[in-house]
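Colleague: give me coordinates for this.
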Amino acid sequence: MNAPSTTPIAPEAPVNAAAVTAYIGIGANLGDARAQVQRAILQLGKLPHTSLSAQSSLFRTAPLDADGDDYINAVACISTRLSAHALLQALQQVEQDFGRQRPYPNAPRTLDLDLLLYGQASIADSTLTVPHPRMLQRAFVLIPLLQIDPFINIPKHGPAHQFAPQVADQAIRKV
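Modeller: As a prediction, this is how the structure comes out:
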């Protein structure tokens, strides 16, 4: 597969005056999943009005409510002036650039990018829910997130570390 191009964002894409810290969940289990996650992290830093602030280690996890091979997962922290919806659109374009297909829910994937947190915003509309509704139930999100920021607070939920015991039975291994 060719390297993904820099994701174009429409010139009219909403841009904030001040940067917002956002966290992106990253996963893949098709093809060279490790390389795809590493390349996706680099692509996040190339999004317009966005810079990569931090990234977790890579983790291997068994599929949860899904089929296929083990996943390679990570979380990235970005600083962005894109609106939440423009960022979601950009993430979906990056997935497409990596050959993402959606034949059925939870299908194996070349790349999955989830907008986990967008500053302290709580968003719930037909296209976006932030904080991500299942992020505190999944070790493959929670453990890498806590690696980046052990004291992070999740809007409407509180400290993320208090949810770690609830995912302790999910196998996760640092790559």
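
Colleague: report how many residues lie close to residue 156.
Modeller: 8 (other CB atoms under 10 Å). C-betas here are computed from N, CA, C, even on glycine.

Colleague: what sits against the nearest residue to it once chain neighbours are set aside?
Modeller: Distances taken as CB to CB, 6 or more residues apart in numbering place residue 122 nearest to residue 156, at 5.8 Å, with adjacent residues excluded. Contact analysis of residue 122 by CB atoms under 8 Å, 6 or more residues apart in numbering lists 130, 131, 155, 156.

Colleague: state the pLDDT value of the residue nearest the centre of the chain.
Modeller: Nearest to the geometric centre of the chain sits residue 25, at 2.0 Å (CA atoms, centre = their mean). The score at residue 25 is 98. That number is its pLDDT.

Colleague: what about the closest residue to residue 57 other than its chain neighbours, neighbour count?
Modeller: Distances taken as CB to CB, 6+ apart put residue 174 closest to residue 57, at 5.2 Å, once the chain neighbours are dropped. Residue 174 has 11 neighbouring residues, counting by other CB under 10 Å.

Colleague: in stretch 119-137, what's buried?
Modeller: The neighbour-count check on stretch 119-137 (16 or more other CB atoms under 10 Å) flags 119, 128, 130, 131, 132, 135, 136 as buried.

Colleague: could I get the contacts of residue 122 in JSON lines, plus columns for distance to residue 146 and secondary structure?
Modeller: Output for the contacts of residue 122, formatted as JSON lines (distance: CB to CB, whole Å; DSSP: H, G, I helix; E, B strand; the rest coil):
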{"residue": "130", "distance to residue 146": "18", "secondary structure": "strand"}
{"residue": "131", "distance to residue 146": "14", "secondary structure": "coil"}
{"residue": "155", "distance to residue 146": "16", "secondary structure": "coil"}
{"residue": "156", "distance to residue 146": "18", "secondary structure": "coil"}
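
Colleague: ok, what's across the strand from residue 55?
Modeller: residue 76 (DSSP bridges).

Colleague: thinking it is in contact with residue 73, fair?
Modeller: No: here residue 55 does not reach residue 73: they are 11.6 Å apart, not a contact under CB atoms under 8 Å.

Colleague: the two: which is more packed in?
Modeller: Per other CB under 10 Å, whichever of residue 55 and residue 73 has more neighbours is residue 73, with 27 against 22.

Colleague: which ones are touching the more buried one?
Modeller: 25, 26, 27, 37, 58, 59, 60, 61, 140, 141, 144, 172.

Colleague: most neighbours out of the residues you listed, which is it?
Modeller: Per-residue neighbour counts (other CB under 10 Å) across the contacts of residue 73 peak at residue 26, which has 30 neighbours.
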